[in-house]
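Enquirer: Have a look; sequence and predicted model below, questions after that.
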Amino acid sequence: MSDLDEIKRIAGEENVLCEEPLSKHTTFHIGGNAKIFVMPQYIEDLVALLDYVRRQNLRYFVMGNGSNLLAYDTGYDGIVIATHMAGKTVKEKADKTALDTLQILMPGDLNRKKILAEEQTETEGKTIIFAGSGIMLSNMAAKAAKAGLTGFEFAGGIPGTLGGAVVMNAGAYGGEIKDSILGAMTLTKDGKTEYLTKEELELGYRSSRIQKEERIVLWALFAFAKGDTQKIEETMRDLNQRRREKQPLQYGSAGSTFKRPEGYFAGKLIEDAGLKGYRVGDVMVSDKHCGFVVNVGEGTYDEARQVIEHVQKTVEEKFHVSLELEVKMIQ
Ligand SMILES: NC(=O)C1=CN([C@@H]2O[C@H](COP(=O)(O)OP(=O)(O)OC[C@H]3O[C@@H](n4cnc5c(N)ncnc54)[C@H](OP(=O)(O)O)[C@@H]3O)[C@@H](O)[C@H]2O)C=CC1
Ligand SMILES: C=C(O[C@H]1[C@H](O)[C@@H](CO)O[C@H](OP(=O)(O)OP(=O)(O)OC[C@H]2O[C@@H](n3ccc(=O)[nH]c3=O)[C@H](O)[C@@H]2O)[C@@H]1NC(C)=O)C(=O)O
């Protein structure tokens, strides 16, 4: 049996695409074809796929919704495994858990005891959410709001998956994953599943132990306090409005291109360096928010790289501050 056949057997033939353009799966809308592009629907299938590609020594890359990624124009000569569900509705199966699963476990819920070994001060009286790594943050935030749970409002407008968000401790508008996560089930590089508590995850500004140890997030647990659905939804609407006003959401991008350098804001430094609107081909520094490098048409990896390098060099020369990339490369 060929690798492709085996991958189809594990993930389901309908979830495997060949020569799939990565520009269709990244919010930057840049990137050539992935030789094989797989969208597993269940946590168990993701684990089985990773086990197979690792045992066979195949080149692979795991991604979420592609909201923080820049792919080469030449694409990816290997297997891209995407945990986002691309709007598909996953059939319930008795022996499998959908990658976009979400369970709300109120205090007193019998299923809660199966998941939490014991209540801790941070869980007592709170509602627990069990969520698969493939769920979109917007979906999880909407469900938490509907259940009257507060603490996830900040994530409603972030276009990523939960897995991607845990890996980089996603944050916006004063909130971050670290505030409400209890822990995450991870798959280690040698294929073992291991639950890491919040402390063990070592969540920092846009960083975690997951990245350093190249683990994969399978699911995560969160604890939220009760709030008022109306107020929560109002806060989410307000944050989305602020996002629309300040960020260039009409164009393809990977969100903030650079991390916040200590003591500075990347967008302000770039603007002060006179780089607002700096353009190579169809890629430019947004004139709405200079922290975003945007694709205004048929932008390419090469153009994006030239813009990024020019920005880094100019800001370094003018202000002696080095801008570290927040965006990751598919490589
Ligand atoms: N605050 C904001 O407004 C915005 C924030 N973002 C951030 O970017 C994040 C990107 O999420 P998403 O689009 O889903 O991710 P991406 O598809 O962009 O993947 C980014 C990287 O995350 C890692 N990753 C993704 N899923 C998993 C997983 N289940 N387990 C382990 N590693 C994983 C991979 O890193 P590796 O190469 O190490 O395997 C991958 O290269 C968002 O959640 C958010 O944090 C993005 C846009 C706006
Ligand atoms: C978009 C992302 O996250 C965003 C998140 O949405 C927003 C909102 O909370 O705060 C961060 O942006 P940011 O650091 O650019 O924050 P902003 O509040 O937009 O701007 C900071 C400051 O810079 C100034 N600013 C911004 C852009 C610009 O062109 N010029 C300028 O002077 C703003 O006026 C503000 O005083 C996150 N980025 C990082 C790298 O921390 C992402 O991670 O991809």
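Expert: Received the coordinates, thanks. Numbers count the residues shown, from 1 in each chain. Ligands and ions are numbered 1, 2, ... in the order given.
Enquirer: from here on, contacts and neighbour counts on C-alpha atoms
Expert: Will do.
Enquirer: Give me the neighbour count for the residue nearest to residue 288 when sequence neighbours are not counted.
Expert: Using CA to CA, 6 or more residues apart in numbering and skipping the chain neighbours, the partner closest in space to residue 288 is residue 248 (6.0 Å). Number of residues near residue 248 (other CA atoms under 10 Å) recorded here: 20.
Enquirer: Which residues are in contact with residue 248?
Expert: Going by CA atoms under 8 Å, 6 or more residues apart in numbering, residue 248 touches 286, 288, 289, 292, 294.
Enquirer: which one of those residues sits closest to residue 155?
Expert: Set against residue 155, the nearest of the contacts of residue 248 by CA to CA is residue 292 (18.5 Å).
Enquirer: Quick check: closest non-adjacent residue to the closest one.
Expert: Closest to residue 292 by CA to CA, 6+ apart is residue 256, at 5.1 Å.
Enquirer: wouldn't that neighbour be in contact with residue 328 here?
Expert: No: with contact defined as CA atoms under 8 Å, residue 256 does not count as touching residue 328 (11.2 Å).
Enquirer: Which one's more surrounded, those two?
Expert: Neighbour tally, residue 256 and residue 328, criterion other CA under 10 Å: the higher count belongs to residue 256, 20 against 14.
Enquirer: Roughly how far does that one sit from ligand 1?
Expert: As defined by CA to the nearest ligand atom, to the nearest Å, residue 256 lies at a distance of 6 Å from ligand 1.
Enquirer: SS state for residue 182?
Expert: Here residue 182 is recorded as strand under DSSP: H, G, I helix; E, B strand; the rest coil.
Enquirer: Output the contacting helices and strands for the lowest-mean-pLDDT helix or strand in the chain.
Expert: Counting by mean pLDDT, DSSP states H and E, the weakest-scoring helix or strand in the chain turns out to be helix 110-115, with a mean of 84. Helices and strands touching helix 110-115, by 3 or more CA pairs under 8 Å, 6 or more residues apart in numbering; DSSP states H and E: there are none.
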